[in-house]
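1. just to be clear, the model below is a prediction. Sequence and coordinates:
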Amino acid sequence: MLRDRRLLVLLAAGSLTNLAGGVVAPVLPEMVKQLHFDPALAANLVSMHCLTIAIFSPPLGILADRLGHLRVLVPSLIFYALFGVAGAFMQSFWPLLATRALLGAASGGIAAASLGLLGTMYEGEERSQALGITTSTLALTGIAFPLIGGWAGATHWQYAFYVYGLGLPLAGIAAFSLREKRKTKAKPMAKDKGDQLRVVLGHPHTLRLLLTLSLTSVAMYAVVIYAPLYLKQTINAGTAVNGIVLASRAVGAAIISAFGAKRLAKAVGPAKAIAIGFGIMALTLITIPLLTQLSWILLTAILFGVGFGIVLPTLYSTLANLAPSSLKSSVLAAGTGAGFLGQFLSPILLGPMLRYGGLEAVFYAAASIAMVAGLLLLARSDRNSSVSCKDS
């Protein structure tokens, strides 16, 4: 399947959604220093795109179904490059934040159109295999992009923004190499199916899972945003070191997601596995303010990634099990939106802690959020946690 050039193009395009935040996080301390930004306010530069991805992905997905996925993908890649590179030339906070929001909107179009094309290109087992390859690619790019951002921004923070220009050649490659069947006009969702979706999404256990996904992202993004600021403050780390630390987090998550999360959930049950993952996340978040040696910081980052790598796939698997097959995509899309919303809210919720208690208070607050999220699901009995909305 990896010999299919079309799949490789889609993997490259889809991975740009990881690039949106991964490139900026390592250079954030330098931006704060050189542009004289308020650190608490500047944290929104790393998360702003998450809000607009969550907002624009659903309508752009509908538009792609109606007009054709390629007609949404190619313009989205072009706008991605333009809005992303434009950030390098913004010297004040609010115009820079606006370019970050527009970058997220373009990323939403890329995500919706590339997944739609993937769904039309393959069927059955091949589609499952393609989605598995996509998941692995996103994990690998989650490791690579912070390193690329740290390397590109090592000379000057502006250079990291030039990496977004990759969207332009990808737009040309996609336009010439991807083809899709002409689509008929999308049929509206049947009333009974729409009612069923509302029942599934309105079920208390579904709402609890969606809330937990948001809280997971709040805690996870505390590391993405504030760990570089902490490293700059304690060991005067440069952008390259920040990229390595953030990549270490992704390494831990990728390894446990691939080899351990499913086995742990099967052995102790999803709720207990999630609680264990949150416990690891909370413990490492509490430990971060106590560390000043890079080797220990790297180890803590990997362990944090392990906790996150247990929590996230188990939550999504549990969420998928609550819906019939015809609604799994819609329900999982709601989970994706909840996750991106949590990433956006992370600096908003934790920013006041930075102002009044410093970086230590930020990590302690994030640890508290992780523990609350774990208890939110662990409080349910095994019998209740296995209740499916299919029966509703």
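-> Okay, I see it. Numbering: from 1, shown residues only.

2. Ala43 touches Met31, doesn't it?
-> No. Using CB atoms under 8 Å, Ala43 is not in contact with Met31; the gap is 10.8 Å. Where C-beta positions appear, they are placed from N, C-alpha and C, glycine not excepted.

3. just want to know which of the two has more residues nearby.
-> Ala43 (27 against 22; other CB atoms under 10 Å).

4. tell me the pLDDT at that one?
-> At Ala43, the model reports a pLDDT of 83.

5. the chain should start at 616 in everything you say after this.
-> Will do, 616 is the new start, and the previous item becomes Ala658.

6. what helix or strand does the residue sitting nearest the centre point of the chain sit in?
-> With distances taken as CA atoms, centre = their mean, the residue of the chain nearest its centroid is Phe955 (6.2 Å). Assigned by DSSP states H and E, Phe955 falls within helix 943-993.

7. following the helix or strand harbouring Met646, which helix or strand comes up?
-> Assigned by DSSP H and E, Met646 falls within helix 643-650. With elements assigned by DSSP H and E, the helix or strand that comes after helix 643-650 is helix 654-657.

8. C-alpha coordinates for that following helix, CSV please?
-> Output in CSV follows, covering the C-alpha atoms of helix 654-657 (Å, rounded to 0.1, in the frame of the first residue of the first chain):
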residue,chain,number,x,y,z
PRO,A,654,4.0,34.8,28.5
ALA,A,655,0.5,33.9,29.6
LEU,A,656,-1.0,35.6,26.6
ALA,A,657,1.6,34.3,24.2
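
9. need the contact partners of it.
-> Contact with helix 654-657 is made by 643, 646-647, 708, 844, 962, 966-967, 969-970, as judged by CB atoms under 8 Å, 6 or more residues apart in numbering.

10. can we see that at 10 Å?
-> The contact list for helix 654-657, computed with CB atoms under 10 Å, 6 or more residues apart in numbering, reads 643-644, 646-648, 650-651, 708-709, 711-712, 840-841, 844, 847-848, 962-963, 965-971, 974, 977.

11. give me the buried subset of the residues you listed.
-> Taking 16 or more other CB atoms under 10 Å as the criterion, what is buried in these is 643-644, 646-647, 708, 711-712, 840-841, 844, 847, 962, 965-966, 968-969, 974, 977.

12. show me where pLDDT drops low in the chain?
-> Scanning the chain with the threshold set as pLDDT under 70 gives 616-618, 734, 737-755, 757-758, 794-809, 873, 940-945, 947-948, 994-1007.

13. from the contact counts, what lies against the helix holding Phe955?
-> helix 654-657, helix 659-682, helix 708-736, helix 806-817, helix 819-850, helix 885-902, helix 909-936 (3 or more CB pairs under 10 Å, 6 or more residues apart in numbering; DSSP states H and E).

14. tell me which of those sits nearest to Ala988.
-> Closest approach to Ala988 among those (CB to CB): helix 819-850, 3.9 Å.

15. the closest one to helix 885-902, inter-axis angle?
-> Angle of helix 819-850 versus helix 885-902, following axes from the mean of the first three to the mean of the last three CA atoms, to 10 degrees, is 20 degrees.
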